[in-house]
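Chemist: What follows is a predicted protein model with its sequence.
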Amino acid sequence: MNQEEYLKKLYANRFSYKERKSKLQLWKILIDGFLQEHVGQNSIVLDIGGGYCEFINQIQAKEKYLIDLNPDSENFADPSVNILNIDILSPPDQALSCNYFDRIFISNFFEHLGSKEDLVEVLLFCFKHLKVGGSILVIQPNFKYSYKEYYDFIDHQLPITHISLQEIMQTIGFSINVVIPRFLPFSTKGRPASPDLLKLYLKIPFLWYFLGGQMFIKASKPIKDLGRI
């Protein structure tokens with residue numbers, strides 16, 4: 001079984017059709033209630049590891065792009081989404097312009113990487129292809145607050161905390177804009193999914209401290225680093 005077949009079977013088994021439909025509704029609430037403000041409707045947006053395209057299909061943006069190794073992702077992408085067939089961990093694709101994207105969104109992706117070196121490569125890719133002043137937005141399981149559940153998914157490999165992620169981002173050259181160590185619950189898998197409850201949850205940050213197992217980080221490519229890449 002090659003990597004594409006493995007990923008296709010793994011994610012098809014992980015979430016049923018009913019669960020994927022519920023997740024789509026939850027993403028709509030998350031976008032309208034939180035993420036759209038950080039993205040901006042006139043942005044050029046890249047979604048890395050976008051899975052079933054719940055984010056990239058529903059976010060409002062001027063241009064939308066997707067990178068994902070799961071071949072099913074292309075089948076779920078709306079016609080407005082441009083599919084980039086790029087392996088970020090392979091030698092750079094010269095066809096992709098540097099300093100092009102206003103926003104790069106990454107959700108539940110870093111934990112699947114095989115090493116810290118891979119994480120550095122992905123972040124360097126983001127830094128290179130973001131416009132100066134552009135931002136990377138990360139929603140990511142925070143090992144510091146989800147260690148008991150972190151390895152319940154067989155493809156979770158790399159443990160990351162909000163502290164370690166900030167450190168490597170700053171080392172690469174990013175400026176940290178927003179850090180929420182405890183944001184969303186760790187996973188919706190096996191739990192009741194209610195758009196109304198999520199809408200309420202987003203309006204009461206006090207609850208995040210008790211229920212949040214995922215972090216949110218927003219970091220930008222500063223103007224002073226224009227000549228670095």
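Modeler: It's in. Residues are numbered from 1 along each chain as shown.
Chemist: what lines up beside the longest strand belonging to the chain in the sheet?
Modeler: Longest strand in the chain, counting residues (DSSP state E): strand 130-141. Strand 130-141 has the following strand partners under DSSP bridges: strand 101-107 (parallel), strand 214-220 (antiparallel).
Chemist: possible to save these as TSV with distance to K144 and mean pLDDT?
Modeler: Just so you know, the C-beta spots here come from the backbone N, C-alpha and C atoms, and that holds for glycine as well. As requested, these are exported to TSV (distance: least, Cβ to Cβ, whole Å; pLDDT from 0 to 100):
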stretch	distance to K144	mean pLDDT
strand 101-107	18	97
strand 214-220	9	98
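Chemist: one step back: helix or strand next in line after the longest strand of the chain, which one?
Modeler: Once the chain leaves strand 130-141, the next helix or strand it forms, by DSSP states H and E, is helix 143-146.
Chemist: Quick check: mean pLDDT of that next one?
Modeler: Here helix 143-146 scores 94 as its mean pLDDT.
Chemist: helices or strands next to it in the packing?
Modeler: Using 3 or more Cβ pairs under 8 Å, 6 or more residues apart in numbering; DSSP states H and E, no helix or strand is in contact with helix 143-146.
Chemist: Tell me which helix or strand comes right after that helix.
Modeler: Once helix 143-146 ends, the next helix or strand along the chain (criterion: DSSP H and E) is helix 162-172.
Chemist: Quick one: mean pLDDT over that next one.
Modeler: Rounded mean pLDDT across helix 162-172 is 98.
Chemist: What are the contacting residues of the helix or strand following that helix?
Modeler: For helix 162-172, the following helix or strand on the C-terminal side (DSSP H and E) is strand 175-180. Residues from elsewhere that reach strand 175-180 (Cβ atoms under 8 Å, 6 or more residues apart in numbering): 38, 135, 162, 166, 169-170, 208, 212, 215-222.
Chemist: Now do strand 175-180, average pLDDT.
Modeler: pLDDT averaged over strand 175-180 gives 98.
Chemist: ok, that strand: who's next to it in the sheet?
Modeler: Partners of strand 175-180, by DSSP bridges, with direction: strand 214-220 (antiparallel).
Chemist: Could you export the strand it pairs with as CSV, CA atoms only?
Modeler: This file holds the C-alpha atoms of strand 214-220, laid out as CSV (Å, rounded to 0.1, in the frame of the first residue of the first chain):
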residue,chain,number,x,y,z
GLN,A,214,-5.7,22.8,21.1
MET,A,215,-3.7,26.0,20.7
PHE,A,216,-4.1,28.9,18.3
ILE,A,217,-1.1,30.9,17.2
LYS,A,218,-0.9,33.8,14.7
ALA,A,219,2.5,34.9,13.5
SER,A,220,3.6,37.3,10.8
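Chemist: just the angle between that strand and helix 162-172, please?
Modeler: 20 degrees (axes from the mean of the first three to the mean of the last three Cα atoms, to 10 degrees).
Chemist: which residues does A219 contact?
Modeler: By Cβ under 8 Å, 6+ apart, the contact list for A219 reads 135-136, 138, 169, 174-177.
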